[in-house]
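# I would like the atomic coordinates for the input below:
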Amino acid sequence: MANRDDEYYDRGGRRPSQRDDRYRDDMRSSGRGRDSRSRRDYDDYDERPRRGSRYDDPRRGGQPSRSGSSSRNGKKNNKAMILLVSEIAVAMLLLVAAYHIFFKMGATKVGRVDLDEQAINESISDAASDNEHMKEYTNIALFGVDSTKGQLDKKTRSDSIIICSINNKSGEIKLCSVYRDTWLNLSDDTYNKCNAAYSYGGPDQAIAMLNMNLDMDIKDCYTIGFRGLKDVVDALGGVEIDVPENVVKHLNNYQITMAKDLKLKDSEWSQLSGSGLQRLNGLQAVAYCRVRYTQGGDFDRAARQREVIQACLKEAKTKKVSELEDVANSILKESYTTLKSDDILKLLKNVPKYEIVDQGGFPTDENDMRATGRVGKQSIVAPVDLESNVKWLHGFLFNDTEYTVSEEVKKYSQKISSDTGLSR
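Coordinates of the predicted model:
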């Protein structure tokens, strides 16, 4: 029997599989529980995308379970609407400070990347390029990557993917994450978790993947890693977070692995002694954003990331411009973008009217349009189906409720349905 994806993560009885145990926090007393994980086990990618398994037969594993729209699921949707990477949102909202660095301080530390313009243009369908609704918006791909060593261009997974859609007239912003485990065309007619695209081909392939699967017209991106977020939070003086009891142990274990990766001295970080409202430093805030070993798995982690965003914004509003320059400088040292100085200046002109008015996640959990399960040996998030989700996305981002998807998306939708065994 099909189950909602919140039930897939929360069920207290028989688990779907041994691998899916990583989403649970209420382990049986016998056997190996999450509280007994070794330090080396705290890796967000227990099931890393493998090139050799792109065409794993879905019949070898259980079929994904459908998501639902009960009142309980609705509450969870409000809580975990989007897999939102906090360092990216802070970067966008501190563009005013970035202006002082780019144009008054002459800083050039930000990593610049020139995309393959022809390849990006070819990834945009005629349906998207000719759409009048989309011409009123600027769409930017924001990537938070699984990197502690400054590897931002490729060979690192996009831990978070978000589309930032800006209404050019009103300044209203809508944010929509693409869940990293979503089964999609990687832009080269191979199918896998969508976060593998950045690892295989950097921002070029990741943007092409978004354009091809979602009928988007994205031409620019902004990327930042774990160290960047740590530096931003530290520059803000930390953030206040009410840490739940079931998160503390996992947060501290993440700190252990990240402190080692970032080569931090023992004096440069400290473990939390307990739960409750407290001020987190940069490393603690990053660890808080990364925890996925509670019952809600990735969806609860999204809520924690959004919470850190709100805390960062609260702190940023208390800072002077000179202090925000330090924060922006922290961002620019750890970022990788296609945006040129004049592109940023164009965005800056409208900063006073920018307002985030809505946020969501793709695939949506509305009307049973999202499922979680397996393809071969991989745990995945499945759009049910891709065509319906793309229609929803264009209604959500561009208020285009009558959007007709491209023939290419229809083809990808059929393939994904075949792989996952799910269709409408």
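# which residues does residue 224 bridge with?
residue 144, residue 335 (DSSP bridges).
# report how many residues lie close to it.
By other C-beta atoms under 10 Å, the residues close to residue 224 number 30. Quick note: C-beta positions are derived from backbone N, CA and C, even for glycine.
# shift numbering so it begins at 15
All right, first residue 15 from here; so that's residue 238.
# how about the strands in the stretch 215-364 of the chain?
234-238, 253-257, 290-294, 349-351 (DSSP state E, counting those that start in this stretch).
# just name the most buried of those.
strand 234-238 (a mean of 26; mean count of other C-beta atoms under 10 Å).
# now do that strand: which elements does it pack against?
The helices and strands touching strand 234-238, judged by 3 or more C-beta pairs under 8 Å, 6 or more residues apart in numbering; DSSP states H and E, are helix 100-107, strand 151-159, helix 210-228, strand 349-351.
# model confidence over the third one, on average?
Along helix 210-228, the predicted confidence averages to a pLDDT of 94.
# out of the helices and strands packed on strand 234-238, nearest to residue 419?
Judged by C-beta to C-beta, the one of the helices and strands packed on strand 234-238 that comes nearest to residue 419 is helix 210-228, at 9.4 Å.
# so residue 230 sits against residue 178, correct?
No: Residue 230 is beyond contact range of residue 178, at 11.5 Å (criterion: C-beta atoms under 8 Å).
# surely residue 227 is in contact with residue 401?
No: using C-beta under 8 Å, residue 227 makes no contact with residue 401, being 10.6 Å away.
# which residues do the two both contact?
Listed as contacting both residue 227 and residue 401 by C-beta atoms under 8 Å, 6 or more residues apart in numbering are residue 423.
# can you tell me, leaving aside adjacent residues, what's nearest to residue 426?
residue 199 (4.8 Å; C-beta to C-beta, 6 or more residues apart in numbering).
# where's the one you found relative to residue 310, distance?
28 Å (C-beta to C-beta, to the nearest Å).
# more neighbours: the two, which one.
Using other C-beta under 10 Å as the criterion, residue 199 and residue 310 rank with residue 199 on top: 23 against 20.
# identify the bridge partners of the more buried one.
Going by DSSP bridges, residue 199 is paired in beta bridges with residue 205.
# check contacts around it.
Residue 199 makes contact with 205, 223, 226-227, 426, 429-430, according to C-beta under 8 Å, 6+ apart.
# ok, of those residues, which come out buried?
With burial judged by 16 or more other C-beta atoms under 10 Å, the buried subset of the contacts of residue 199 is 205, 223, 226-227, 426, 430.
# among the helices and strands packed on strand 234-238, which comes closest to residue 303?
Per C-beta to C-beta, nearest to residue 303 of those: helix 100-107, 6.0 Å.
# for the record, mean pLDDT for the closest one?
49.
# next: stretch 313-326.
Rounded mean pLDDT across stretch 313-326 is 75.
# ok, now stretch 158-172?
For stretch 158-172, the per-residue pLDDT averages 62.
# show the end-to-end separation of it, please.
Stretch 158-172 has an end-to-end distance of 6 Å (C-alpha to C-alpha, to the nearest Å).
# low pLDDT regions in the stretch 215-364 of the chain?
320, 323-324, 327, 335-336, 338-340, 342-347, 355-356, 358-364 (pLDDT under 70).
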